[in-house]
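In: kindly generate the corresponding structure for this input.
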Amino acid sequence: MGIVCDTSVLIAAEKRRFDLAAFLRAHPDDEFWLAAITASELLHGVERAVDRKIRTKRKAFVEGVLQQLAVAPFQLEEARQHARLWATLEAKGLIIGPHDLLIAATALTLKHHLATLNLAEFRRVPRLKLVDTGRFMLTR
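Out: This is a model prediction of the structure:
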């Protein structure tokens, strides 16, 4: 099985609210992926950081994630899946955020599960299998 990690999981990990290392260890036989838009969202977080210390720390975290997890490109197959998913959810009045649509389309195209903290939106996506991430949340 493969697992696509949503941005919500990675941001929580950066903020030390999610134990990413334990999550990865708990799935030793799985391949971990990021949708290309997730890589962009993480890099955007680095670029918008005004404080130099925060930017440096965030950049180190993001670059570590990008070295550890494969990035799935958004190509024609993902675009077709995205268009179908968009139309399906729109027709039902269940549309989700535009970046979440891209992430869901990527996971569905790869036939992978999705690890997310944004269950409310991603549960709307037909056939998308979600990974239980709750036990890796850290209290602060």
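In: does residue 49 touch residue 58 like I think?
Out: Yes - checked against CB atoms under 8 Å, the pair residue 49 and residue 58 is within contact range at 5.4 Å. Every C-beta, even on glycine, is put in place using the N, C-alpha and C of the backbone.
In: these two: who's more crowded?
Out: residue 58 (20 against 15; other CB atoms under 10 Å).
In: tell me if that one really is in a helix.
Out: Yes - Residue 58 forms part of a helix when assessed by DSSP: H, G, I helix; E, B strand; the rest coil.
In: so for the closest residue to residue 123 other than its chain neighbours, what's the pLDDT?
Out: Nearest residue to residue 123 in three dimensions, chain neighbours excluded: residue 130, at 7.1 Å (CB to CB, 6 or more residues apart in numbering). pLDDT for residue 130: 98.
In: same thing with residue 1?
Out: pLDDT at residue 1 comes out at 85.
In: tell me who's in contact with it.
Out: 27, 29, 30, 31, 112, 113 (CB atoms under 8 Å, 6 or more residues apart in numbering).
In: which PyMOL command selects the buried ones in those residues?
Out: Provided next is the PyMOL selection string for whichever of those are buried by 16 or more other CB atoms under 10 Å:
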select buried, resi 112+113
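In: how far does the helix or strand where residue 67 lies sit from the chain's center?
Out: Using DSSP states H and E, residue 67 sits within helix 52-68. Helix 52-68 sits 16 Å away from the centroid of its parent chain (CA atoms, centre = their mean, to the nearest Å).
In: isn't residue 101 right up against residue 88?
Out: No - the criterion here is CB under 8 Å, and residue 101 misses it with residue 88 at 10.5 Å.
In: all set now, cheers.
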